[in-house]
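Got a sequence here, can you build the structure:
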Amino acid sequence: MYFSNFICTFAAKYTKIPQNTSSMTIKHYHFFATVAVFFSCLLCSAAPRMTSPNGRVAIEPKGEGFVITCGQQPVLEVPAVGYEGVEYKLSKFKSAGQISADYNMVSGKRLHCVNKGKEYRGFIGNNVTLVVRIYDDGVAFRYEWPAGKNVSLTKEKTTYRIAEGTKRWMQQWADSYEGFFPLTTTAKVKAQKSYSAVTKDAEGNNLRWGYPALMEPADGVFALITEANIERGQSASCLYNDGELFKVVPDQTFDESQAQHSPWRVIIVGSLADVVESTLVTDVSEPCRLDDTAWIHPGVVSWVYWAYNHGSNDYNIIKRYVDMAAALHLPYVLIDAEWDTMLDGKTIEDAVKYSLEKGIKPMIWYNSSVGWIDGAPTPKFRLNKPEDREREFAWCERIGVAGVKIDFFSGDNQKNMDYCLDLLESAARHHLLVNFHGATVPRGWQRTYPNLLSTEGVYGAEWYNNVATFTKQAASHNATLPFTRNVIGPMDYTPCAFSNSQHQHITTNAHELALTVLFESGLQHLADRPESFLAQPEEVKQFLGKLPAAWDETKLIAGYPGQNVVLARRSGNTWYVAGINGTDEAVTLNLPNLASSLSLQPSSPITVFADKGEQDWSISMMKELPESVSLLPRGGFLWVIE
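A predicted model of the protein is given here:
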């Protein structure tokens, strides 16, 4: 950029010859003018400097790729793009004008999403066009080709360089995306044997990584890598590393004839607030394909599995969770696995009828029957064939089922992606909400198919049933998820347990309650058992009955991954401010100018949920927001501001 400015100045000076100039001096001017024109020609053939609308985010060419900068600070190098056998020629890039996103979501961190960017397009050979979009909060790029001119997606060259010493929070890949995001400064992290599809080097270091991947290349400057807009004929991808180089590797693709472009490769950049508040994943995804979304209602769900580490074939237990939902004024109940083997002569239709009579909308569980099948819970093989799926979903609609939770998928390949899209479209035809479990992380489908209200893809509270390690790591993990997994879409963590399951939890009551606001999910499943929820103070029960599951606005107030986080979310005229401490030490968090940043009126009443010891409540009212808040080890707080 600076060389370009110098040449322009140089050319302007020496291509204009002043009057009364000697012949020798004229020769000097001619010489310098020739030099200026030569370099100007070179610059004319070079790619335009690609910037976001406000100029804050830019792409600088480098080798066979580029460097993403934010405020002139290098954030992420992309040393290679394109496909094997396709020459990358940045000189052919041209501006394609401004682009804008302005759309409404049914659920999410922001119901009205607006973003603007600039698009650049470059033909890079072999029928491949590289399309780059630069927004004020990040970059998205993908590869396009005309119909009938397929490119093997298994040979993509896209590579990111994450230098050793760079702070990063990355998850070892697993088909269920259920793992921690530990802070490290190196790619040499020992592979966890408990994960599926472990890929490691001779020293036992993990080589395969899932999305999203968060890094801090400079103090206070962050980049989050993910992808968006998986369509038919495409597989999802992950990252394989060779030292500092992390290559995008799509999973198995069986039929490329349907696709004419790759998914978007997405990098959100800026401050932590820029990352957390970004909607870039849905901004670049396909618009809503449903003609009618009025029947889609986000909400809070009572959920049986956590307390029993088992499904729901006991009619009397199901009734208890329906009764809890009614007592707390929750809209939904989930009837989990094994409902097809109901005990004591009862059936799922009896359970659905009881739920509807109590004014609670029931959802039911299905095994996808493509992942864990042998030894897995039932019902199985009811959704795999189109005719069976239509018949099953029509039956659900007829008896009054509001939605389905579909579990145990088998990874990121095209067959799984196409199957998920088949399920979403069939469910929408029968007005069924969808919650994917044991599945890949969100990649923008929540915009295209808004009946997809939640996805697991997270190491959530159900792991208190499985391993003792979650007990000590949960607080730090909880303080990492708002900066990583939950950035890219709804997250069915199943939060808020005041009692213990098979393994103890050591987070405080206010920490657990705060998770219901910190973690965004269009279906917010509450983990604890009925007797625990119903024994809480009246204010807690009233809060749960009014808890939104979709937000008009989201703001990051304070925090750092793994240490602490404070988020503010607005629903209508009410702000919810929630914070947790992810460490084992007491902390005081500064929250300056919070009232002004939320545009609060001085008389706004504030309900305070705080800790009184590790497993007790302090519930009060206050008239104005404080400048700081003190938290117990693994503690939390929640303020409801009317």
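
ok, which stretches of the stretch 101-250 of the chain are strands?
Assigned by DSSP state E, counting those that start in this stretch, the strands in the stretch 101-250 of the chain fall at 112-123, 129-135, 138-144, 159-161, 167-172, 183-184, 208-218, 221-228, 237-242, 245-250.

Mind listing the strands the last one pairs with, and their directions?
Put plainly, it is strand 245-250. With DSSP bridges as the test, strand 245-250 is paired with strand 159-161 (antiparallel), strand 237-242 (antiparallel).

what ranges of the stretch 251-400 of the chain fall below the confidence cut-off?
Using pLDDT under 70 as the threshold, the predicted model of the stretch 251-400 of the chain has low-confidence ranges 256-257.

can you pull out the helices in it?
Remark: helices assigned in the stretch 251-400 of the chain by DSSP state H, counting those that start in this stretch are 272-277, 280-283, 305-308, 315-328, 348-357, 386-399.

any idea of the mean pLDDT in stretch 209-225?
The predicted model assigns stretch 209-225 a mean pLDDT of 98.

Identify, out of the helices of the stretch 251-400 of the chain, the most deeply packed stretch.
The highest average neighbour count among the helices of the stretch 251-400 of the chain, using mean count of other Cβ atoms under 10 Å, belongs to helix 280-283 at a mean of 29. C-beta coordinates here come from the backbone N, C-alpha and C atoms, glycine included.

which secondary structure elements does that one contact?
Of the remaining helices and strands, those touching helix 280-283 by 3 or more Cβ pairs under 8 Å, 6 or more residues apart in numbering; DSSP states H and E are strand 112-123, strand 138-144, strand 221-228, strand 264-270.

Kindly export the second one (C-alpha atoms) in CSV.
Meaning strand 138-144. As requested, the backbone C-alpha atoms of strand 138-144 are provided in CSV (Å, rounded to 0.1, in the frame of the first residue of the first chain):
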residue,chain,number,x,y,z
GLY,A,138,-14.7,-10.3,9.2
VAL,A,139,-14.0,-12.1,5.9
ALA,A,140,-15.9,-14.8,4.0
PHE,A,141,-14.7,-16.4,0.8
ARG,A,142,-15.7,-19.4,-1.3
TYR,A,143,-15.0,-21.0,-4.7
GLU,A,144,-17.5,-21.0,-7.5
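
what's the angle between that strand and strand 221-228?
30 degrees (axes from the mean of the first three to the mean of the last three Cα atoms, to 10 degrees).

What residues of strand 138-144 count as buried?
Applying a neighbour-count criterion of 16 or more other Cβ atoms under 10 Å, the buried positions in strand 138-144 are 138-144.

could those residues be laid out in JSON lines, adding pLDDT and distance to Gly85?
Output for these, formatted as JSON lines (pLDDT from 0 to 100; distance: Cβ to Cβ, whole Å):
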{"residue": "Gly138", "pLDDT": "98", "distance to Gly85": "29"}
{"residue": "Val139", "pLDDT": "98", "distance to Gly85": "25"}
{"residue": "Ala140", "pLDDT": "98", "distance to Gly85": "24"}
{"residue": "Phe141", "pLDDT": "98", "distance to Gly85": "19"}
{"residue": "Arg142", "pLDDT": "97", "distance to Gly85": "18"}
{"residue": "Tyr143", "pLDDT": "94", "distance to Gly85": "13"}
{"residue": "Glu144", "pLDDT": "92", "distance to Gly85": "17"}
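
Nearest to Ser368 among those?
Distance ranking of the buried residues of strand 138-144 against Ser368, using Cβ to Cβ, places Arg142 first at 27.8 Å.

Correct me if wrong: that closest one contacts His261.
Yes - the pair Arg142 / His261 is scored as a contact, 5.5 Å apart, by Cβ atoms under 8 Å.

Hmm, His477 and Pro561 touching each other?
No - no contact is recorded between Pro561 and His477 when judged using Cβ under 8 Å, the distance being 10.2 Å.

list residues touching both of those two?
Listed contacts common to Pro561 and His477 are Phe181; contacts here mean Cβ atoms under 8 Å, 6 or more residues apart in numbering.

where along the stretch 451-600 of the chain do the strands fall?
Assigned by DSSP E, counting those that start in this stretch, the stretch 451-600 of the chain shows strands spanning 452-455, 523-526, 553-560, 564-571, 574-581, 587-590.

Make JSON lines out of those and add distance to Lys92, mean pLDDT and mean neighbour count.
What follows is the strands of the stretch 451-600 of the chain, written out as JSON lines (distance: least, Cβ to Cβ, whole Å; pLDDT from 0 to 100; neighbours: other Cβ atoms under 10 Å):
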{"stretch": "strand 452-455", "distance to Lys92": "38", "mean pLDDT": "98", "mean neighbour count": "28"}
{"stretch": "strand 523-526", "distance to Lys92": "46", "mean pLDDT": "98", "mean neighbour count": "28"}
{"stretch": "strand 553-560", "distance to Lys92": "39", "mean pLDDT": "98", "mean neighbour count": "18"}
{"stretch": "strand 564-571", "distance to Lys92": "43", "mean pLDDT": "98", "mean neighbour count": "22"}
{"stretch": "strand 574-581", "distance to Lys92": "49", "mean pLDDT": "98", "mean neighbour count": "25"}
{"stretch": "strand 587-590", "distance to Lys92": "50", "mean pLDDT": "97", "mean neighbour count": "14"}
